[in-house]
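[1] Return a 3D structure for these sequence lines:
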Amino acid sequence: MARQKFDGVIEAVRYTPDGKIEFVRAYERRGGAFSDRVLIDRQRLIEKLQSGKRFVTGERRVLWAGSFEVGKPVKLMGKNGSQVVTTTDQAERDLLEDVPIL
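    Here you go, the predicted structure:
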């Protein structure tokens, strides 16, 4: 089975009262390994997605080092000023399905 290529794994999210992502808790690829948990705010996440970085939802497998249970790919939809970060095909607001809320 081929390994999936991704640059980060989002394991938790916090939304603002108006429904936008405030920040995500994630692991980022650093060469051949992954970082410890990092917090990425919405603007930085959008910048990373615009630059071609690929993020997925998921969680780290316990005692398996850099192995993850991978969920859905994270997409950036919409135009500048009205972009949404989502895992669905049709979204009107930020939504990361099946990701625990902080």
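
[2] can you tell me which strand in the protein is longest?
    Counting residues, the longest strand found in the chain (DSSP state E) is strand 21-30.

[3] So which bits of that strand are buried?
    By neighbour count on 16 or more other C-beta atoms under 10 Å, the buried set for strand 21-30 is 21, 23-29. (Each C-beta comes from the backbone N, C-alpha and C, glycine too.)

[4] again with stretch 57-71
    57-60, 68, 71.

[5] The following helix or strand past the longest strand of the chain packs against which elements?
    Downstream of strand 21-30, the next assigned helix or strand under DSSP states H and E is strand 33-34. Helices and strands touching strand 33-34, by 3 or more C-beta pairs under 8 Å, 6 or more residues apart in numbering; DSSP states H and E: there are none.

[6] and the longest strand of the chain, what other elements does it pack with?
    strand 8-15, strand 38-41, helix 42-50.

[7] Could you dump those into CSV with distance to residue 101, mean pLDDT and mean neighbour count added?
    Putting these into CSV (distance: least, C-beta to C-beta, whole Å; pLDDT from 0 to 100; neighbours: other C-beta atoms under 10 Å) gives the following:
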stretch, distance to residue 101, mean pLDDT, mean neighbour count
strand 8-15, 6, 97, 20
strand 38-41, 14, 98, 15
helix 42-50, 15, 96, 16
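
[8] Output these in TSV; the columns should cover distance to residue 102.
    Shown next, in TSV, are these (distance: least, C-beta to C-beta, whole Å):
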stretch	distance to residue 102
strand 8-15	4
strand 38-41	9
helix 42-50	14
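
[9] rewinding a little: what is the nearest of the buried residues of stretch 57-71 to residue 93?
    Comparing those against residue 93 with C-beta to C-beta places residue 57 closest, at 16.6 Å.
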